[in-house]
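1. any chance you could fold what I've pasted below:
(chains A and B)
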Amino acid sequence: MQVKKKRKVVSDDVLLSYSRDSYLEEQLNQLYSSIDGTCTSSSVETVTSFLKSLKATKKKSIAEVVAGKKKSPFPDWLTVPNGVFKFAPPERVELAGGMACGSLVKSRSEVDLLVLIPDSVFQEKDYINARYSCKRLLYLNHLSLKLSKTLDIVKRCSLVGDDVLCQTLKVTLNTGEVFHLIPVISESVFKVSQLEADKNCIRPAKVFSSGSCTEVSTPHYNSTVVSDILSEKILSFFPVVAGSTNLQKAHALLKVWCRRKGLVITSHDLLVLMEGFYSAGVITQDTPLLTVLKQIWGALPGLKRLDENQKAETDLHTRDILNAKESNLAAVFTEPILSPLQQYDVVYTISSPVPTERIPLEDRLQFVGDPVAGAVTLIHRTLTAAYTDRVHRVKVWSEGERIRIALIINKANSTRQIDKGPPADDREGGVQFRAFWGDKSDVRRFQDGSIVLAVLWSGETAGDRRSIVNQITGYVLERHVGVSDVEEMSIDTSSLLSASWYKGEGDEQAHKIKSAFADLSKILRSLNQVPLSITSLIATSPALRHTQLYPEQQYSNTVTGRPVRVHEIVGKFEASGKWPEDVRAILRLRTAFYLAIKEELKSLHITAKVNPDYLDIARDGFIFRLRFFVQKEAKLRDSNISFWQPSTGEELRCQMERTPYVTAHLGSLCSEHPAMPLTARLLKRWISGHHLSLRVPELFCEMVTAYLFLTSEHPPLTSTAGFFRLLCLLASHDWQLYPLVLNFREELSAELLTKLDNFITDRKQYPSAAIVCPGNEGSELTVASPDKRTLGLLTRLAEQSLKHTGEMGEIFQSDLRSSCNALIHLKSLTKEVTGSVRHHSKGSYFPGSVGFDPPARYVSDLTAAYGEMFSFLYSEGNPEVVGVVCRVSGVEESKFTVNKSQLRCPVGEEMMVKYNLDAALSDFTLLGKGLVKSVEVLKMDV
Amino acid sequence: MRQYSWLKVSWNANYAPHHLPCSAHDETTLLILGCPSYFTDCCVKEAMSTYSDVVNISSQAKPSQIPKFHPPNPSQFFRDSADSTEFRVVYVNFNSASALQGVLSSISVMAKPVFVSELKSKPLLGLKRWQSEQQYPDEAQLRAECEQYMAEFNSREKLKLQHEKEMAENPDEDGWVMVTKSSKVCATAEQAEERKRQYDEKLEKKKKEILHLYSFQDREKRKQSLVELKRKFQEDKDKISKMKAARVFRPL
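-> Here you go, the predicted model:
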């Protein structure tokens, strides 16, 4: 009978998902091809046969064995149990992991060997009171001693793993090959039913000599014993993996992923999980790679061997990758591995040991009395309860004696000042709440009429509010864990970014200037005696985005010694066709507008001063510099470029059109991400600390910071995390091969994005630092600077700074003397810079001198003249010394050409020339006449 | 290869001198390379005037085949380009070839450098220069200059317009009419009427033209435009929802 085939209806969605999966498979295959490794180890045979040939020892009591060892593998806190230990050679030694399955990873060609400890080593009840764990340790220790003493090819042996209960033996050979000996036991040693999660296998009275305690279940300990039981199934699974390329790839990729994420899951754990799925029929040898990966990722958090803390972390990472967009999947494998300081928003360190009496018994029992592991569990539980919804992720781990805590903060709730508890009439809840928060809890009445128990944190200033999480951590850890020295690993922004004229990070100053600008822009828009109305006013000054390195102070009638800075505003008039067709006429006409605006402002008692190019307006103690952009002027300048050099149309457009557009976007991004302004300021401070203030424009710093915040899956919520991630970006980004694309509000066209995919072919069209964003499609804003040399310098500095994250204050400064050929010492100009403040009628002040910064002006003059031969190192924070790095030699002779005529002097008759460095040194003094104190030559071929 | 003489320039005897290569650019023009910023055009003119009369002077960033002598800018407030401290090349035009040769020979035998501080037109340097740039100009003078320039400019423009109009209306000796911006303005009412008629005819013709022969083509086109409209609408909607999601309410 002929069966009519039913037509399969495939919906668009299914088709789409098919294509996406195949795209992902392709991505994963590409990744695998880059990590695929091989190992041709002939030493496997040698090690295996050596292990099997070891001789059995006589029976001795465990205490005797431990006492006889010079170097005991037992930690101090582990009680030596009663019982006897007798070494016997391994019953079997089986190849496992990547080597057995053919899934080795290139960078880590490590061989796993399963060492089956014979049943004769154990007694029936060894699983009780951790006697099994002690014997396991002794067994590994015996192997370690024999291997390192007898076998010549072994370089060193060490026990690895934080958890003493499941350590393995790492054997490094002279050839560099690494073997991991994983001890396993046969299924017949213990009854698995005795080791179920709800069973108690450790009697507190035996392990802790201190009195009798209630027996609680010990799931973590039990699972570590169970995970050591070798099933025959896993051995027969290795050839299955070796016969399937998909399973091999999955195993290799998962190993890489676990290592990158810093998870404690081993290669063997992964194979055990895969075997479980294979025997249940969920995966087969032909299952697509992506499906296998998804299955394993889904099951990883349920791995029994992990404790609660590790489970939570694994769960979060797997959830991240399962929800990751397809475009980000490859990035999970290829992005640089981040240190905790870069990965988390806040990192704390506890150096002093946690008092043992504070750790609850159940926590200590899980780890057979390990105080650090117990403390880690206690701290994790306490902090999770205290933070509630302020924090997305809490990670606690130990590094030797020290305990580290890392947090990913919840932006929406982290600065909340109040933690509400149960209503005042809820007795049971109230008791619990008071027990947790102690004196901090209080009954409070809220605006909605509710009367509840609540905790109030101090938050007068923005800096205080940012530190509420720190306040909670300090309080809770002292109260519940008994630790008072919790040190936050963060950059001390309040000292790095503070100045004598404001407190802390200067948030309050930023708000003042913002409101002054809002006020002024309202007034300017409502002017009615100016012939054309003002349609747009955009502040390009970083102070208005709170990204200025040192926030501005309001000037007063006292001379402070600081220059009064101006804040640039770019304005536009309503469209008009009556602008003349001549640049010089446009300049005059615009000045006439400035005069008209000034007159009207005067009638409103606002002081303003007119310059042919701009209008300076004083408002609320700040000076705003208003410039108007006339589209026609740029076009006219374009039509006669040679005449208007260097003030060409494009330059004008960059200053008056592109910069306002980009800064408006940056401003909105700053208000969206509270940590962005401080991060940008830290980057500026770092650049200033290395004396590169004038070589790296502020806008460049802000755009790089914006890139970080725009493209991160979890944008940093503290300036420290943001800053270290920025350093990582600067150290790893290849400016020659890739542009930074800031697609603000996805305004960039699809065509441009496709074009940027082939960036290398169009590389010459872009400047050294290619940053593409709406309004800056050709990276016009970074044409002038930073140049290739400065970018290289930034990369090297970032790499160095990342290596010294321990000394955070140190990375913000560098020594000029060691790196410079000469130093120019400048005078400190107090009077000339500020001038006298003139008192105008009606209570309005105008400073005598505004926007006057002689050191910065001096260095930019020097750079314009001598930039090709010298590098000038200048710091905004320390403007009294300018470093000079000479890039040419004063003794080297060359043939004279027209292009080599600047700063040269003739040598001999044959039109040979050399650099005239004497004249250059004289010019350094001459160009800065009145400002330069002295020029100190350190080392120069003059 | 050109012959170069070396002109030594310094601020005064306390400072090391610059050595500037000088050569004849053409018959009457002297080329001075690598001029430092304090040896301004006025200083060059004054220094060279001691040897011969200078007709014109021009400076630019890089040497070029034809030097550009721009019209002078008499304004005391408005500059054509920003001042720079870069090294530049200066072209000095003399009235005769012999004068240029005389200057070159004097430079080659000159023992003492030109001391800029001894010149009348010596520039301000360092702090004083920056302070002078920092000053706000006198508003009355600034206003007067703006008004005067604009008045002159307007009258110039008016004359130019008038001249162009005349050129457009009156054919020259060969019967050619100059096409200018003002040619669009019709000379007579008849001409204007004629143009209007021609324009209307063009529109009418365009309307009558059959774009699609078959009705299905029209239908297709309508459908396409509808799909396009829907797509755009959807895009806009998405964009708006994204913008809404991105907005954060942040009271100060």
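
2. ok, B:Cys22 - contacts?
-> Shown in contact with B:Cys22 (CB atoms under 8 Å, 6 or more residues apart in numbering or on different chains): B:4-7, B:30-33, B:104, B:107. To be clear about C-beta, it is placed using only N, CA and C from the backbone, and glycine gets the same treatment.

3. what pairs with it across the strands?
-> B:Ser5, B:Ile32 (DSSP bridges).

4. one more: A:Glu94?
-> With DSSP bridges as the rule, A:Glu94 is bridged to A:Leu114.

5. hmm, it is touching A:Asp112, no?
-> No. Contact criterion CB atoms under 8 Å: A:Glu94 and A:Asp112 do not qualify, at 9.3 Å.

6. tell me which of the two has more neighbours.
-> A:Asp112 (22 against 18; other CB atoms under 10 Å in any protein chain shown).

7. can you give me the pLDDT of the closest residue to that one other than its chain neighbours?
-> Residue nearest to A:Asp112 in three dimensions, not counting chain neighbours: A:Gly97, with 3.0 Å by CB to CB, 6 or more residues apart in numbering or on different chains. pLDDT for A:Gly97: 79.

8. ok, the nearest residue to A:Ser533 once chain neighbours are set aside - contacts?
-> With sequence-adjacent residues excluded and distances taken as CB to CB, 6+ apart, A:Ser533 is closest to A:Glu574, at 5.0 Å. For A:Glu574, the contact set (CB under 8 Å, 6+ apart) comprises A:532-535.

9. now the buried members of these.
-> The neighbour count (16 or more other CB atoms under 10 Å in any protein chain shown) marks A:Ile534 as buried among the contacts of A:Glu574.

10. tell me which of the contacts of A:Glu574 is nearest to A:His380?
-> A:Thr535 (56.6 Å; CB to CB).

11. mind checking the SS state of the closest one?
-> Following DSSP: H, G, I helix; E, B strand; the rest coil, A:Thr535 is assigned to strand.

12. isn't it right next to A:Phe573, touching?
-> Yes. Counting by CB under 8 Å, A:Phe573 is a contact partner of A:Thr535 at 6.7 Å.

13. overlap in contacts, these two.
-> Shared contacts of A:Thr535 and A:Phe573, defined by CB under 8 Å, 6+ apart, are absent.

14. quick one: contacts for the residue in the stretch 151-252 of chain B positioned nearest to chain A?
-> Relative to chain A, the nearest point of the stretch 151-252 of chain B is B:Phe153 (4.8 Å; CB to the nearest CB). The contact partners of B:Phe153, by CB under 8 Å, 6+ apart, come to A:580, A:582, A:584-585, A:588.

15. could you redo the last one with a cut-off of 10 Å?
-> Neighbouring residues of B:Phe153 by CB atoms under 10 Å, 6 or more residues apart in numbering or on different chains: A:580, A:582, A:584-585, A:588-589.

16. and the helices in the stretch 51-200 of chain B?
-> B:97-109, B:126-134, B:139-169, B:189-208 (DSSP state H, counting those that start in this stretch).

17. by mean pLDDT, point me to the weakest helix or strand of the chain.
-> If you meant another chain, say so; for now it's chain A. For chain A, counting by mean pLDDT, DSSP states H and E, strand A:837-839 ranks last in confidence among helices and strands (a mean of 47).

18. let me rephrase: I mean chain B.
-> Counting by mean pLDDT, DSSP H and E, the weakest-scoring helix or strand in chain B turns out to be helix B:189-208, with a mean of 82.

19. what is the helix or strand that contains A:Leu271 packed up against?
-> For A:Leu271, the host element (DSSP states H and E) is helix A:267-279. Applying 3 or more CB pairs under 10 Å, 6 or more residues apart in numbering or on different chains; DSSP states H and E, one finds that helix A:267-279 makes contact with strand A:92-96, helix A:97-101, strand A:110-117, strand A:178-185, helix A:232-242, helix A:245-261, helix A:289-299.
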